[in-house]
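[1] Kindly return the folded structure for what I paste below:
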Amino acid sequence: VQLQASGGGLAQAGGSLRLSCAASGGVFSINRMGWYRQAPGKQRELVALISSVGSTNYADSVKGRFTISRDNAKNTVYLQMDSLEPEDTAVYYCNADVKRTFWTGSSNYWGQGTQVTVSS
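    Residues are numbered from 1 along each chain as shown. Model prediction:
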C-alpha cells in the first residue's frame, strides 16, 4: 500500500492550500484517515482525523480554519487549509488504517510528506 500526498507549497498568511492523499496498491477498505504535521525541531503532531463514516476530529490550533474530508470511492483524503498562519509551516503527512482483504485487520500506513510553507 502506498499513500501519495500532494498539494503542498508556498502560501501567504491568510491564504489557502488544499492537500490530497491517495491510497493505492491492494486497498480493500480504509478505516480512519488523517493528517499530521512536523515543524522543524518539533515532534510530529496530529492535525485532523476522519473516520470511515465521516466523523472528524481537529487539533485546537486548526479548528475553524482547516477541513478534512474524504472520497471513499477514490481512497483519498483531503485537507483544506484556510486562513493559513506562519505557524502552520511544516511537513504534512497523511496516515491511514488500511484493510488489504476482507479477512485481515487494518495496518497503519504513512505517506511521504509534503511541505507547506506560510510566509508572513
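
[2] So E87 belongs to a helix, correct?
    Yes. Assigned with DSSP: H, G, I helix; E, B strand; the rest coil, E87 falls within a helix.

[3] What's the separation between it and T67?
    18 Å (Cβ to Cβ, to the nearest Å). The way it works is simple: take the backbone N, C-alpha and C, and place the C-beta from them, glycine included.

[4] Have a look at these two and say which one is more surrounded.
    Neighbours per residue (other Cβ atoms under 10 Å) separate E87 from T67, with T67 holding more: 16 against 12.

[5] Please look at that one and S83 and confirm they touch.
    No. Contact criterion Cβ atoms under 8 Å: T67 and S83 do not qualify, at 11.2 Å.

[6] any idea where the strands of this protein begin and end?
    2-6, 9-12, 17-24, 29-38, 45-50, 56-58, 66-71, 76-81, 90-99, 106-110, 114-119 (DSSP state E).

[7] Just give the closest residue to the residue most central in space within the chain, not the sequence neighbours.
    Note on the chain: the residue nearest the mean C-alpha position is W35, at 2.8 Å, using Cα atoms, centre = their mean. Closest residue to W35 apart from its sequence neighbours, by Cβ to Cβ, 6 or more residues apart in numbering: V47 at 4.3 Å.

[8] How about S119?
    Q12 (5.5 Å).

[9] contacting residues around A90?
    A90 makes contact with R37, Q38, A39, K42, V116, according to Cβ atoms under 8 Å, 6 or more residues apart in numbering.

[10] where's I68 relative to K42, distance?
    From I68 to K42 the distance is 21 Å (Cβ to Cβ).

[11] And L17, by the same measure?
    20 Å.

[12] With L84 instead?
    L84 sits 17 Å away from K42, going by Cβ to Cβ.

[13] What does the pLDDT read for G26?
    Model confidence at G26, given as pLDDT, is 89.

[14] neighbours around the closest residue to it other than its chain neighbours, how many?
    Distances taken as Cβ to Cβ, 6+ apart put R100 closest to G26, at 5.0 Å, once the chain neighbours are dropped. R100 has 15 neighbouring residues, counting by other Cβ under 10 Å.
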